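**Student:** Here's my sequence, what's the structure:
(one chain, ligands or ions: 2)
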Amino acid sequence: MGGVRCLPLLCQVLWLHQDAVELESMEVQKFYRSMRAAGGLIAALLVLGQVVGNAAAPDDVLAARRGWRWLTTKAYLPPDFDQQVFDNLWQHWEEPARTAAEQATPEERRRLTFSRYGLTENPDRPEGVALQYVANGNGGWSMNCLACHTGKVAGKVVLGAPNSLYALQTLTDDVRLTKLPLGKPFAHMDKGALLYPLGGSIGTTNAVMFGKILMTYRDPDLGVHVRGLPTGLLHHDHDAPAWWNVKKKKRLYADAFVPKNHRAIMQFLLIPSNGPDKFRAWEKEYRDILAWIEAVEAPRFPWPVDGELARAGEHVFRSHCAECHGTYGSASSYPERVIPIDEIGTDRVRFDSLDADSRGAYAGSWFTRLDELETVLEPKGYVAPPLDGIWASAPYLHNGSVPTLWHLFHPAQRPVVWQRDEDGYDRERVGLTVRARDELPADATDPRQKRRYFDTRLPGKSAQGHDFPDRLSPDEKRQVLEYLKTL
Ligand code: HEC
Ligand code: HEC
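**Tutor:** Ligands and ions are numbered 1, 2, ... in the order given. Just a heads-up that it's a prediction; the model follows:
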């Protein structure tokens, strides 16, 4: 079918009705083969960071290790594209990127391709699919959770760090452009992107709305139906939270409306070709995946810290910030407080985008049936997140609108439009190295170029609010900034 050629428009119509290719059984066999050869993966875990802490009970360690393997070897979604499409993407880039790729060696071109979309090499299969995808056994690349939940910080891969370079919309746009002349079918992501935005700037996605849209087509037992279309969609971009903080939480998401459990994290799999049977069959694997997520440790700030300044900062933090963000160190505590939306004052589109009906649909579904905690139908605002490893999860706030902690501490100086560089890290301001602007440059006309700029004037992307640090004196701000490096 991949080789069939037809007129592009006709192809699209036909493919819109074509079911996703199911390669599940093949994938499982491949997974068990790779389990036998798992030494390499465990080595990768050790190389990439001591993810599985020593204090955990052996069962947890084993579950977490299995979780890592499910994440990196099993395709839970149909492939988005195949190797041939991946290798040809550059031909459809805007200039000057296209010419640069044309003149590059194949290795360099692969590096350029990874860089453009925010992908990183999987140390266990350096020449294979990126860490953010899984090989489906048939040349296909299937997206995995790491697409949004693992990326580079200061040029190095940090497991569980939000992938602040992931360019899902640009990748999908380029994939469609590449598939058309090759006569390849559109996958679910290509089709979805024709109807809904995937993400307006690199590093952020419309993930919350994906979930809302996909739930429209499910009954409470997750049976698929086509009664009604999604309504009241408030598209917006969200910056994924760092996974190393999940262990501290009882509830998930920016407004903490969902009780944490392994089912909750399966929402990402709701595409119609995954029927209710799949959710039940995969449930135990997602227990392992949650175990892995909860074993991820926050990375340490890798550069020198001024100990005296940081100690002074800890005092200031305790009196001005701890009531919401908790305490750290040996006697750590995390209150998991949800702050009313008007008090926190940050962008409210995410808050408004889930109404009581959509939260109710979730509350009445299979996802919640093992919860001790209730799903919150009318949350008051946003949760104050734990700040462990905060240096590594820039940009800040739930929508990723503030590039450094310094800017978070100086609300009046937050940039209107900013552009980051890929691997730079601002140790002074703690966060991304950015170039601030008042406007997008006039030559950024292609939407794919525009997405390289974070424009806080767009809906859902404002950098307002969380003015609490503004109450501190300039000295206190410097002290707290130094202290945050130690978390
Ligand atoms: C397209 C990007 C994307 C993909 C892929 C993705 N997520 Fe997420 N994830 C997000 C975003 C954005 C949020 C924040 C949503 C919110 O707070 O409302 C999130 C939130 C979460 C949270 C809650 C974290 C917290 O602190 O509250 C967990 C856990 C999580 N995702 C797990 C997963 C798992 C497991 C997968 C794969 C099955 C996955 N995600 C795939 C974007 C993604
Ligand atoms: C009244 C409660 C409250 C107080 C006080 C408070 N914060 Fe926050 N903080 C929040 C909430 C809620 C958020 C999430 C806002 C959002 O994402 O829109 C947040 C977000 C943050 C973030 C960004 C987290 C991320 O992952 O992007 C940082 C950093 C932060 N706060 C630091 C501080 C510091 C430092 C202080 C003390 C000077 C402080 N906060 C005081 C409630 C508070």
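**Student:** Write out the residues of the stretch 101-250 of the chain neighbouring ligand 1.
**Tutor:** 143, 145, 147-149, 168, 205, 207-208, 238, 240-241, 245-246, 249 (Cβ under 6 Å from any ligand atom). To be clear about C-beta, it is placed using only N, CA and C from the backbone, and glycine gets the same treatment.
**Student:** From what I see, A310 and K485 are in contact.
**Tutor:** Yes: assessed by Cβ atoms under 8 Å, A310 is found in contact with K485 at 6.9 Å.
**Student:** Would you agree A135 is in contact with N122?
**Tutor:** No: counting by Cβ under 8 Å, A135 stays clear of N122, with 9.4 Å between them.
**Student:** anything in contact with each of the two?
**Tutor:** G128, V129 (Cβ atoms under 8 Å, 6 or more residues apart in numbering).
**Student:** could you pull out the strands for the stretch 301-450 of the chain?
**Tutor:** Remark: strands assigned in the stretch 301-450 of the chain by DSSP state E, counting those that start in this stretch are 338-340, 381-383, 417-426, 431-437.
**Student:** And those: which comes nearest V129?
**Tutor:** strand 417-426 (20.5 Å; Cβ to Cβ).
**Student:** Now do the contacts for the residue of the stretch 1-150 of the chain found nearest ligand 2.
**Tutor:** Closest to ligand 2 within the stretch 1-150 of the chain is H149: 13.8 Å, counting by Cβ to the nearest ligand atom. Contact partners of H149, counting by Cβ under 8 Å, 6+ apart, are G160, A161, P162, N163, A240, W243.
**Student:** so of those, which ones are in helices?
**Tutor:** Judged by DSSP state H, helices contain none of the contacts of H149.
**Student:** who wins for most neighbours among these?
**Tutor:** Using other Cβ atoms under 10 Å as the neighbour test, these are led by N163, with 29 neighbours.
**Student:** quick one: low-confidence parts of the chain?
**Tutor:** Along the chain, segments meeting pLDDT under 70 span 1-57.
**Student:** So which residue is smack in the middle of it?
**Tutor:** Note on the chain: the residue nearest the mean C-alpha position is C148, at 2.4 Å, using Cα atoms, centre = their mean.
**Student:** Which secondary structure element is home to M189?
**Tutor:** Assessed by DSSP states H and E, M189 sits inside helix 188-195.
**Student:** so how far is that helix off the chain centroid?
**Tutor:** Centre-to-centre, helix 188-195 and its host chain are 18 Å apart (Cα atoms, centre = their mean, to the nearest Å).
**Student:** Check which helices and strands the longest helix along the chain sits against.
**Tutor:** Counting residues, the longest helix found in the chain (DSSP H) is helix 276-295. With contacts taken as 3 or more Cβ pairs under 8 Å, 6 or more residues apart in numbering; DSSP states H and E, helix 276-295 sits against helix 58-73.
**Student:** Show me what the helix it packs on packs onto, helices and strands only.
**Tutor:** The helices and strands touching helix 58-73, judged by 3+ Cβ pairs under 8 Å, 6+ apart, are helix 24-36, helix 39-48, helix 276-295.
**Student:** repeat that for 10 Å
**Tutor:** For helix 58-73, the packing partners by 3 or more Cβ pairs under 10 Å, 6 or more residues apart in numbering; DSSP states H and E come out as helix 24-36, helix 39-48, strand 133-135, helix 146-149, helix 276-295.
**Student:** do the longest helix of the chain and ligand 1 meet?
**Tutor:** Yes: for helix 276-295, a contact with ligand 1 is found by Cβ under 6 Å from any ligand atom, at I289, I293.
**Student:** Off-centre distance for whichever strand or helix holds K179?
**Tutor:** In this assignment (DSSP H and E), K179 forms part of helix 168-182. In terms of Cα atoms, centre = their mean, the centre of helix 168-182 is set 20 Å apart from its chain centre.
**Student:** so how far is stretch 256-266 from its chain's centroid?
**Tutor:** Mean-position distance between stretch 256-266 and its chain equals 16 Å (Cα atoms, centre = their mean).
**Student:** Ends of it, what's the gap?
**Tutor:** 17 Å (Cα to Cα, to the nearest Å).
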